[in-house]
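Student: next come a sequence and a model predicted from it.
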Amino acid sequence: AKMERIVNDSSAAITGDSYVGGIAGKNVGTISAAGDGQGADGPLLVNRGKITGREYVGGVAGSNGEGGVIDNTYVDGALENIKNTVELHVKPGNGDARYFGGVAGINEKGAAITNAMTEADVYADGAAFVGGIAGLNEGSLQGTVGNAGNVIGSAYVGGVAGENKANFDGLTASNTGEVKATGDDGGAGGLFGQNSGSITNAALTNSGIVAGNKGATGGLIGTNTGTISKSHVVNEAGAQVAGMTNVGGLIGDNQGQLSGGRDETDGYYKYQVYNNGVIIAGTWNDANSNKVVDAGEIQAGGAGEHIGGLVGTNSGTVTAAYNTGAIAAAGSANVGGIAGTNSGTIDQVFSTIFDGDGRSGMVSGRTTVGGLVGWNTAGGTLTNGYNTSPIANGGAIVGTNDGSIENVYAAVGGSAGLVHSGSGSLTNGYAADAA
């Protein structure tokens with residue numbers, strides 16, 4: 001079955017407990033806004049109402065089930081035939097509130113969401129697994145998907161999906177909106193609050209605002225246990241990432257694999273992995289209760305920990321990546337230009353920090369601060385890295401090294417040379433201006 005030419009206007013209010021959607025509670029057919037491909041028919045799917053529920057709540061469908069397709073059409077990069085500016089809200093009640101998405105509460109295995117860009121306001125504070133597109137994604141995201149709306153949840157909040165379990169080859173996903181997690185457990189990511197999928201040949205970008213609390217917060221992914229390879233992974237200039245624990249420009253807590261790298265002939269770095277945005281150890285305070293981040297509402301200077309230009313904490317692998325984004329973490333421990341804390345493997349990285357005005361910046365923290373890694377633990381390995389930015393209260397490469405460091409270079413000295421403290425090994429290290 002196929003549904004098109006549907007209007008859920010701004011005066012509509014839909015309320016339920018489970019499987020609540022602006023168009024369908026559960027979709028196993030096709031909901032389409034395809035038209036003639038030129039926009040001549042005008043918007044074929046208008047969705048502007050308010051939807052309230054507790055579980056599996058979506059702007060278009062509560063659940064996009066196996067065999068279901070939700071299909072939108074772009075013309076010259078602009079969304080022409082669908083208008084999805086729906087509001088989602090949490091219904092008061094007992095039990096856990098979870099799985100809220102601007103398009104679908106859950107996109108199930110065997111289902112597809114194609115070319116979905118949403119401006120939906122997902123106001124799901126108090127709920128877990130909240131996304132601009134899907135609360136939980138197990139299915140296919142095809143074409144170009146992204147969030148330009150305002151997504152708020154308690155835990156595991158993402159601009160695309162609160163949690164992603166699917167594998168992708170060729171995904172293009174972006175966040176230009178705001179993504180905020182207000183609870184202490186389960187943080188936020190510009191694209192995914194949590195990812196366990198394998199992602200390759202993808203273009204993943206964030207240019208919006210991502211704010212968490214004590215859960216892992218990253219410009220692209222909050223917590224990653226999956227593999228991301230042969231992809232562009234970028235937190236762009238102008239983006240802001242804020243949180244208190246495990247905060248990174250790309251990933252808050254990386255337990256999986258993140259790698260850039262050269263082309264197939266080993267000729268040039270085809271796959272770019274980097275952060276240009278600002279990393280802030282702090283939280284969002286909605287002083288005027290308007291649900292958006294206004295000037296001055298993200299306060300830096302909190303006593304955070306594990307704050308890094310690329311990843312807050314790494315127990316997996318990071319390969320061929322760099323950071324140029326400013327790090328505002330003066331009151332925090334375990335702060336690094338690449339990783340706050342590393343117990344995994346980091347290879348082929350560099351950090352050259354610029355502040356918001358394009359001037360040379362520095363890595364600053366309260367204690368255990370390094371140009372590349374704040375704390376390199378007993379299980380951590382750092383190889384083939386360099387840093388050109390000055391350090392306050394730490395080492396030009398690593399603050400505390402209890403692991404292994406090899407082949408590193410610093411263009412400036414830290415307060416105690418390459419390494420401030422620790423009992424680990426250092427092989428082939430050089431500082432042009434060691435203090």
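Tutor: That came through, no problem.
Student: flag the shaky bits of the chain, pLDDT-wise.
Tutor: For the chain, applying pLDDT under 70 flags the ranges 1-11, 34-47, 72-86, 356-359, 413-416, 433-435.
Student: next, count neighbours for the closest residue in space to residue 16 that isn't next to it in sequence.
Tutor: Computed as CB to CB, 6 or more residues apart in numbering, the closest residue to residue 16 that is not its neighbour in sequence is residue 53, at 5.0 Å. Just so you know, the C-beta spots here come from the backbone N, C-alpha and C atoms, and that holds for glycine as well. Number of residues near residue 53 (other CB atoms under 10 Å) recorded here: 28.
Student: residue 12 versus residue 53, what's the distance?
Tutor: Distance check for residue 53 against residue 12: by CB to CB, to the nearest Å, it reads 14 Å.
Student: surely residue 194 is in contact with residue 163?
Tutor: Yes: counting by CB atoms under 8 Å, residue 194 touches residue 163, with 4.5 Å between them.
Student: what touches both of those two?
Tutor: Taking CB atoms under 8 Å, 6 or more residues apart in numbering as the contact rule, the neighbours common to residue 194 and residue 163 are residue 156.
Student: in contact with residue 153, which residues?
Tutor: Taking CB under 8 Å, 6+ apart as the test, what residue 153 contacts is 100, 122, 124-130, 162, 180-182, 188, 193.
Student: once you drop chain neighbours, what's closest to it?
Tutor: Leaving aside its sequence neighbours, residue 153 sits nearest to residue 130 (CB to CB, 6+ apart; 3.0 Å).
Student: that neighbour against residue 194, yeah?
Tutor: No: Residue 130 sits out of contact with residue 194 when judged by CB under 8 Å, with a separation of 11.3 Å.
Student: more neighbours, the two?
Tutor: Set residue 130 next to residue 194 and count neighbours by other CB under 10 Å: residue 130 wins out with 40 against 29.
Student: now do the SS call for that one.
Tutor: Secondary structure, DSSP: H, G, I helix; E, B strand; the rest coil: residue 130 is strand.
Student: that one: what's it in contact with?
Tutor: Residue 130 touches 100-101, 122, 124, 151-154, 156-158, 162, 193, counting by CB under 8 Å, 6+ apart.
Student: try it again with 10 Å
Tutor: Contact analysis of residue 130 by CB atoms under 10 Å, 6 or more residues apart in numbering lists 57, 88, 90, 97-102, 105, 122-124, 136, 151-158, 161-163, 179-181, 186, 188, 193.
Student: check residue 325 too.
Tutor: Contacts of residue 325 by CB under 10 Å, 6+ apart are 219, 235-237, 239-241, 249-250, 274-279, 309-310, 337, 351, 353-356, 361.
Student: from residue 275, how far out is the residue nearest to residue 153?
Tutor: Distance, residue 130 to residue 275, using CB to CB: 24 Å.
Student: now do residue 63
Tutor: In this view, residue 63 and residue 275 are 35 Å apart by CB to CB.
Student: quick one, which of the two is more surrounded?
Tutor: residue 275 (36 against 29).
Student: what residues are up against the residue nearest the centre of the chain?
Tutor: Nearest to the mean C-alpha position of the chain, by CA atoms, centre = their mean, lies residue 220 at 2.2 Å. Applying CB under 10 Å, 6+ apart, we find residue 220 in contact with 158-160, 173-175, 189-192, 195, 204-206, 210, 228, 233-235, 239, 241, 248-252, 258, 273, 275.
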